[in-house]
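Asker: I need the structure of the sequence given here:
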Amino acid sequence: MFQSGGRFQPGTTASLSSKVELALSAKNLKNMDLVSKSDPICVMFEMVGNEWRESGRTEVIKDSANPIWQKKFIMDYRFEERQMLKFGVYDIDSNSSRLEDHDYIGHVICSLGEIVSAQSKGFSRSLSTSSSLCINCEEVVDSQEYVKLKFSGKGLDKKDFFGKSDPYFEIFRSTESGNFVLVHRSEVIKNTLDPVWKEIKLSASDLCMADHNRVIKISIWDWDSNSDPDYIGSFSTTLERLQGGAVAYDCINEEKQKKKGVKYKNSGTIHFSKFEIEEVPTFLDFISKGTQMNFTVAVDFTGSNGNPNEKTSLHYRDPSGQPNQYVTSIQAVGEIIQDYDSDRQFPALGFGARIPPMGQVSHEFFLNLRTDNPFCAGLQGILDAYFTALSQVQLYGPTNFSPVINHVAKFASAYQNDPSNYFILLILTDGIITDMEDTKRAIVQASVLPMSIIIVGVGDADFTAMDELDADGQLLQSRGVSAKRDIVQFVEMRRFLNKSQWNGALWNKESLAKSVLAEVPRQLTEYMASKNFKPANQPKQ
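Answerer: Got it, this is the predicted structure:
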């Protein structure tokens, strides 16, 4: 299970580690809402030093006492360490991202070692008197295989009194403990017994841990707006069977089959119209062949940051040299990204300030305050430009993101048919977006480009709106148009600061960089796959 980390270095100690996936579900949750069931979310915390630090959240499951969360937590398991975890379950009552604004249901504290050691039977702990949290743990198997599936139902059981059914499906993979882990939940097709669902593309790692003989279960449900879904039926298969041409399956409802006996045939049939396995190049494949990562930073200079000359300002330049949160973010991300850009010339922007010489408000100005060239020489060049701008602009407002997104998108659009360049925009901000609709439209339009957007929230503001942009689990929409892929990652800076050390601005820079950049490799490979680009030696630039 274990692999040693890093390269061979004689005379040093190597850690034994393995990447594991945690899949969560809960049973018999208490109803916290007056007229309906809870809308539960599970939040994972890691013990860092003497403090619990949030490390991830699942999606919210609406009206469910027995949620099965689709989002997984991926962790590095280190045998020689006791990695303490806390899983908190909350009933979500609003759009607020603050846990204290929601109803607390219960929590479980355990070590990652306890979860790993229970793989053979599954890990379960009590959340409260009657409810429990279940965690399935598996070692992640890396695979370059992706599976494309498209299927439809025919003659499904009618479940609605005044209509037909509103069917959707869930795909589960089996585990060595005999349990099943949710891999994918489809869209709902309204009022039909013959649904045709959209094509999906899943990694073989997610679908079956790259084991073509592992059992995959597909369950069909009838969605109801005000109650639990009605079970229609299910069937099981494997990638091996699908490759062998097994494309039609009876959808079996076990309870109906038990009651009707030999008279029962099925609750409909499922037909696969598409099944393909393809190998997708990795992030490393593209980088090693010369794909350049173009990094642009955009800094928020709105008035809500506070007077830069006062210690309470998020832009305060401490005479002791202690970096503020903006500097911290630029350093943490820039130190990683700069190694993938050969010339280390980085465009840097500012927004939300009145700029010299006339004091006009600008939502897209060059950080170095030049009018002809936004480029800064290396990471230090960005920081020098940042401090220069602080002394020459007047913090103002409002907080508009769309101009800087469109600025980078203009350059990314020149490489739509060329895999040699990929663009990353890092937006550092302290507040709520003023031009939300324009920002959503800009992101949707940029989702077809070789581009990722990272938003780091600094300070103690309510960043609830940012969660809408970081559309984990569903694609962002603007004016009825959906994004082609998820290109936004949002991270709150305060999650990487110890509360007792907030004013000292001490941070876990490694964890910050890891969290901020976690989705970029996937986003790059997804873009390249959407264009059918393959790694090829790129000419030196």
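
Asker: all contacts plus neighbour counts: C-alpha atoms, from now on.
Answerer: Will do.

Asker: Point out where the chain drops to low pLDDT.
Answerer: 1-17, 471-473, 497-509, 537-541 (pLDDT under 70).

Asker: what about the helices in it?
Answerer: Ranges of helices in the chain, per DSSP state H, are 112-117, 204-208, 239-243, 254-260, 283-288, 325-337, 378-392, 402-412, 436-446, 464-469, 509-517, 520-530.

Asker: Any chance of a markdown table for these, columns mean neighbour count and distance to residue 224?
Answerer: Below are the helices of the chain laid out as a markdown table (neighbours: other C-alpha atoms under 10 Å; distance: least, C-alpha to C-alpha, whole Å):
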| stretch | mean neighbour count | distance to residue 224 |
| --- | --- | --- |
| helix 112-117 | 18 | 34 |
| helix 204-208 | 22 | 27 |
| helix 239-243 | 15 | 31 |
| helix 254-260 | 13 | 20 |
| helix 283-288 | 17 | 41 |
| helix 325-337 | 20 | 44 |
| helix 378-392 | 17 | 53 |
| helix 402-412 | 19 | 38 |
| helix 436-446 | 21 | 30 |
| helix 464-469 | 18 | 24 |
| helix 509-517 | 17 | 36 |
| helix 520-530 | 19 | 33 |
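
Asker: now those helices in TSV, with distance to residue 31?
Answerer: Formatted as TSV, these follow (distance: least, C-alpha to C-alpha, whole Å):
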stretch	distance to residue 31
helix 112-117	27
helix 204-208	32
helix 239-243	39
helix 254-260	27
helix 283-288	44
helix 325-337	40
helix 378-392	50
helix 402-412	41
helix 436-446	34
helix 464-469	24
helix 509-517	33
helix 520-530	37
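
Asker: just the strands in the stretch 201-350 of the chain please.
Answerer: Ranges of strands in the stretch 201-350 of the chain, per DSSP state E, counting those that start in this stretch, are 216-222, 230-237, 248-250, 269-279, 292-300, 345-351.

Asker: tell me which strands and helices the second one is in contact with?
Answerer: So that's strand 230-237. strand 216-222 (3 or more C-alpha pairs under 8 Å, 6 or more residues apart in numbering; DSSP states H and E).

Asker: angle of the strand it packs on against strand 230-237?
Answerer: 160 degrees (axes from the mean of the first three to the mean of the last three C-alpha atoms, to 10 degrees).

Asker: Direction included, what does strand 216-222 pair against?
Answerer: Note on strand 216-222: by DSSP bridges, its sheet partners are strand 167-174 (antiparallel), strand 230-237 (antiparallel).

Asker: how far out from the middle of the chain is it?
Answerer: Relative to its chain's centre, strand 216-222 lies at 24 Å (C-alpha atoms, centre = their mean, to the nearest Å).

Asker: Next: stretch 407-420.
Answerer: Taking mean C-alpha positions (C-alpha atoms, centre = their mean), stretch 407-420 and its chain are 23 Å apart.

Asker: Give me the distance between the two termini of that stretch.
Answerer: This stretch, stretch 407-420, spans 19 Å end to end (C-alpha to C-alpha, to the nearest Å).

Asker: re the thing from before, list just the one of the helices of the chain that sits closest to residue 57.
Answerer: Of all the helices of the chain, helix 464-469 sits nearest to residue 57, with 11.2 Å by C-alpha to C-alpha.

Asker: C-alpha coordinates for the closest one, PDB please?
Answerer: Only the C-alpha atoms of helix 464-469 are listed here, as PDB (Å, rounded to 0.1, in the frame of the first residue of the first chain):
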ATOM      1  CA  THR A 464     -20.600  33.100   0.400                       C
ATOM      2  CA  ALA A 465     -21.000  34.400  -3.100                       C
ATOM      3  CA  MET A 466     -17.700  32.900  -4.100                       C
ATOM      4  CA  ASP A 467     -19.000  29.400  -3.500                       C
ATOM      5  CA  GLU A 468     -21.400  30.000  -6.400                       C
ATOM      6  CA  LEU A 469     -18.500  30.600  -8.700                       C
END
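
Asker: which other residues reach it?
Answerer: Contacts with helix 464-469, where a contact means C-alpha atoms under 8 Å, 6 or more residues apart in numbering, come from 95-98, 432-433, 440, 476, 488, 490.

Asker: Would you point out the most distant pair within those?
Answerer: 98 and 440 (22.5 Å).

Asker: quick revisit: now, of the strands paired with strand 216-222, which is deepest in the fold?
Answerer: Comparing the strands paired with strand 216-222 by mean neighbour count (mean count of other C-alpha atoms under 10 Å), strand 167-174 comes out on top with a mean of 22.

Asker: Chain neighbours aside, what residue packs nearest to residue 231?
Answerer: Excluding its sequence neighbours, the residue lying closest to residue 231 (C-alpha to C-alpha, 6 or more residues apart in numbering) is residue 221, at 4.7 Å.

Asker: right, and the one you found touches residue 168 too?
Answerer: Yes: contact criterion C-alpha atoms under 8 Å: residue 221 and residue 168 qualify, at 5.5 Å.

Asker: Could you save the strands paired with strand 216-222 as TSV and add columns showing distance to residue 406?
Answerer: Output for the strands paired with strand 216-222, formatted as TSV (distance: least, C-alpha to C-alpha, whole Å):
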stretch	distance to residue 406
strand 167-174	37
strand 230-237	45
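
Asker: and residue 313, which of these is closest to it?
Answerer: So among those, strand 167-174 is nearest, using C-alpha to C-alpha, at 48.5 Å.

Asker: Next, the residues that contact the closest one from outside, please.
Answerer: For strand 167-174, using C-alpha under 8 Å, 6+ apart, the contacting residues are 180-193, 195, 207-208, 214-223.

Asker: how about the nearest residue to residue 369 once chain neighbours are set aside, what does it touch?
Answerer: The shortest distance from residue 369 to any non-neighbouring residue, by C-alpha to C-alpha, 6+ apart, is to residue 389 (6.8 Å). Taking C-alpha under 8 Å, 6+ apart, we find residue 389 in contact with 367-369.

Asker: quick one, what contacts residue 311?
Answerer: Per C-alpha under 8 Å, 6+ apart, neighbours of residue 311: residue 318.

Asker: ok, back up a step: can you redo the strands of the stretch 201-350 of the chain as JSON lines, where the extra columns are distance to residue 339?
Answerer: Below are the strands of the stretch 201-350 of the chain laid out as JSON lines (distance: least, C-alpha to C-alpha, whole Å):
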{"stretch": "strand 216-222", "distance to residue 339": "41"}
{"stretch": "strand 230-237", "distance to residue 339": "44"}
{"stretch": "strand 248-250", "distance to residue 339": "50"}
{"stretch": "strand 269-279", "distance to residue 339": "27"}
{"stretch": "strand 292-300", "distance to residue 339": "9"}
{"stretch": "strand 345-351", "distance to residue 339": "11"}
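
Asker: rewinding a little: residue 332 is nearest to which of the strands paired with strand 216-222?
Answerer: strand 167-174 (37.0 Å).

Asker: how about the CA coordinates for that closest one, as PDB?
Answerer: Only the C-alpha atoms of strand 167-174 are listed here, as PDB (Å, rounded to 0.1, in the frame of the first residue of the first chain):
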ATOM      1  CA  PRO A 167     -35.900   9.300 -13.400                       C
ATOM      2  CA  TYR A 168     -32.300   9.800 -12.600                       C
ATOM      3  CA  PHE A 169     -29.500   7.300 -12.000                       C
ATOM      4  CA  GLU A 170     -26.600   6.800  -9.500                       C
ATOM      5  CA  ILE A 171     -23.400   4.900 -10.300                       C
ATOM      6  CA  PHE A 172     -21.700   3.100  -7.400                       C
ATOM      7  CA  ARG A 173     -18.500   1.100  -7.300                       C
ATOM      8  CA  SER A 174     -18.000  -1.900  -5.000                       C
END
